[in-house]
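In: quick one: sequence plus predicted model below, questions after.
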Amino acid sequence: MNHDLTQEREDLAAAFRWAARLNMHEAVANHFSLAVDESGSKFLLNPLGMHFSEISASDLIMIDANNKDTMNQPNAPDPTAWAIHSALHRNNPQARCILHAHPKYATILSSLDDKEMKPIDQNTMRFYERVSIDRDFSGMGLGREAERLSTLLGDNPVLLMGNHGVLTAAKTVASAFDELYYFEKSCQTLIGAYQTGQKLHIVSHKVAKKTAQQWQDYDASGLHFDALKRILDKEEPDYKN
């Protein structure tokens, strides 16, 4: 990584801007983070009270998951952001970038009794056996709730947070954003299919498994994110400030 973390800051800022453009933001809530040390204990996080659409690279604050005095500092982050992301990075060092949001369709799916992502089209098959599901919501992500959530992700890139929202986790911002983008699109397709009232045509385990692997082999997340940054470079270049 660059010692000045310029690239890391710009990438995370771009993710915030595009989440806002795609209406995957919620007031000044929700939070994205990116680990910047080997253990995952130090990470960049959005500051308290900023709308996703206004966040720039220099606005991101550095957090140490092992610093118990974090919330007593002048630039303390949102308490749920501190609790959830510090626990996740501390307990899942492989999850370098963590994007947590409450997008419309993923949140709807998280609110159903049956929270499974059904393999009914090419996009939904991308997430076949790749989603961890929290079925035991017990309040906002603070204290013990944050610690509990941090044990559920495993090796999957998506944690569907029951009665709450979703988070994606990956090695890079590009990959985590690509997962978030396609998961929300998949949720939209599934919820739309439910709304027809007709029986879902669910493909076989063999087909769903094969298609999920094909997605992993294909992996255009870097190309996707580079394209998004090119658009921002033209239309919102201040995200790099």
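Out: Received the coordinates, thanks. Numbers count the residues shown, from 1 in each chain.
In: quick one, phi psi at the residue positioned nearest the centre of the chain?
Out: For the chain, the residue sitting closest to the mean C-alpha position, by CA atoms, centre = their mean, is residue 99 at 2.5 Å. Main-chain dihedrals, residue 99, degrees, to the nearest 10: phi -110, psi 120.
In: ok, it - contacts?
Out: Residues near residue 99 by CB atoms under 8 Å, 6 or more residues apart in numbering: 15, 19, 32, 167-169, 176-177, 180. Quick note: C-beta positions are derived from backbone N, CA and C, even for glycine.
In: now the helices for this structure?
Out: Assigned by DSSP state H, the chain shows helices spanning 6-21, 79-91, 104-111, 122-125, 144-150, 173-196, 205-218, 221-235.
In: would you mind giving those as a markdown table with mean neighbour count added?
Out: Shown next, in a markdown table, are those (neighbours: other CB atoms under 10 Å):
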| stretch | mean neighbour count |
| --- | --- |
| helix 6-21 | 22 |
| helix 79-91 | 23 |
| helix 104-111 | 20 |
| helix 122-125 | 20 |
| helix 144-150 | 18 |
| helix 173-196 | 20 |
| helix 205-218 | 13 |
| helix 221-235 | 14 |
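In: out of the ones you listed, which is closest to residue 62?
Out: Ranking the helices of the chain by proximity to residue 62 (CB to CB) places helix 6-21 first, at 10.0 Å.
In: that closest one: how far from the chain's middle?
Out: Relative to its parent chain, helix 6-21 has a centroid offset of 12 Å by CA atoms, centre = their mean, to the nearest Å.
In: try stretch 89-109
Out: Its chain's C-alpha centre and that of stretch 89-109 lie 4 Å apart, by CA atoms, centre = their mean.
In: re earlier: any idea what the residue nearest to the centre of the chain is bridged to?
Out: Beta bridges link residue 99 to residue 32, residue 168, judged by DSSP bridges.
In: next up, the contacts around residue 69.
Out: If you count contacts by CB under 8 Å, 6+ apart, residue 69 has none.
In: low-confidence ranges, this structure, go.
Out: Applying pLDDT under 70 to the chain picks out residues 1-3, 141-143.
In: rerun at 80
Out: 1-3, 139-143 (pLDDT under 80).
In: farthest from the middle of it: give me that residue.
Out: Most distant residue from the mean C-alpha position of the chain: residue 198, 30.9 Å away (CA atoms, centre = their mean).
In: just to revisit the earlier point, redo the helices of the chain as a markdown table? Include distance to residue 49.
Out: Formatted as a markdown table, the helices of the chain follow (distance: least, CB to CB, whole Å):
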| stretch | distance to residue 49 |
| --- | --- |
| helix 6-21 | 14 |
| helix 79-91 | 11 |
| helix 104-111 | 22 |
| helix 122-125 | 34 |
| helix 144-150 | 20 |
| helix 173-196 | 22 |
| helix 205-218 | 37 |
| helix 221-235 | 22 |
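In: of those, which approaches residue 58 most closely?
Out: When the helices of the chain are compared by CB to CB, helix 6-21 sits nearest residue 58, at 7.1 Å.
In: what angle do the closest one and helix 173-196 make?
Out: 20 degrees (axes from the mean of the first three to the mean of the last three CA atoms, to 10 degrees).
In: next, the angle from helix 6-21 to helix 221-235.
Out: Going by the same axes, to 10 degrees, helix 6-21 is angled at 80 degrees with respect to helix 221-235.
In: residues contacting helix 6-21, please?
Out: Helix 6-21 has contacts (CB under 8 Å, 6+ apart) with 1-2, 25, 30, 32-34, 36, 44, 46, 51-53, 55-60, 97, 99, 101, 172-174, 176-177, 180, 225, 228-229, 232, 236, 239-240.
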